[in-house]
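Visitor: Give me a model of this one.
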Amino acid sequence: MRYKAPYELSKDKGDQGWDIRADKEVVLLSGDTRLIETGLFFEFDKGYYADVRARSGLSSKGVLCHTGLVDSGYRGEIKVCLTNLSKNSYVIKKGDRIAQLVFGQEINVYPCKVDEINLDTSRGDKGFGSSGKK
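Guide: Below you'll find the predicted structure:
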């Protein structure tokens, strides 16, 4: 897998997420949602992809990172969609770590359309919150 960026991709040994950084300074006003440039481009091997995921440190400050999927055929710049949910402006400086990439490999599945789905499981069709708190 090849990449082009103004910085080296890095992660701590044993971690799954590779840090990606802001390529420009951006001020996120309270309530703002912006696409943040990273200067990062990939040339994936066929069948591989990356998920854009949040960094817990940014999330704890009220800055939400929206997840994104980077498909193997995409060759454009990786951008990170951030929303400032805090009451204060948040300054992102050039070089700040703003998200992380987790790489994966395609699993080939072949969905088969049917008229009915078997609901005979311990959970059945019970949705959000149905498993309770323990």
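Visitor: so what's Leu58 up against?
Guide: Contact analysis of Leu58 by CB atoms under 8 Å, 6 or more residues apart in numbering lists Cys65, Leu82, Ile98, Ala99. C-beta coordinates here come from the backbone N, C-alpha and C atoms, glycine included.
Visitor: Isn't the second one up against Ile98?
Guide: Yes - with the criterion set as CB atoms under 8 Å, Leu82 and Ile98 qualify as a contacting pair; they are 6.7 Å apart.
Visitor: Could you find the closest non-adjacent residue to the residue nearest the centre of the chain?
Guide: Ranked by distance to the mean C-alpha position of the chain (CA atoms, centre = their mean), the top residue is Val52 at 2.1 Å. Nearest in space to Val52, with sequence neighbours left out and distances taken as CB to CB, 6 or more residues apart in numbering, is Gly68 at 3.9 Å.
Visitor: State the number of residues packed around Lys87.
Guide: Counted with other CB atoms under 10 Å, the neighbours of Lys87 add up to 8.
Visitor: Does it touch Ser30 like I think?
Guide: Yes - the pair Lys87 / Ser30 is scored as a contact, 5.4 Å apart, by CB under 8 Å.
Visitor: returning to that earlier point: give me the pLDDT for the residue nearest to Val52.
Guide: The model reports Gly68 with a pLDDT of 95.
Visitor: Now do the helices in the chain.
Guide: In the chain, the helices defined using DSSP state H lie at 56-59.
Visitor: Show me the shaky parts of this protein.
Guide: Residues of the chain meeting the criterion pLDDT under 70: 130-134.
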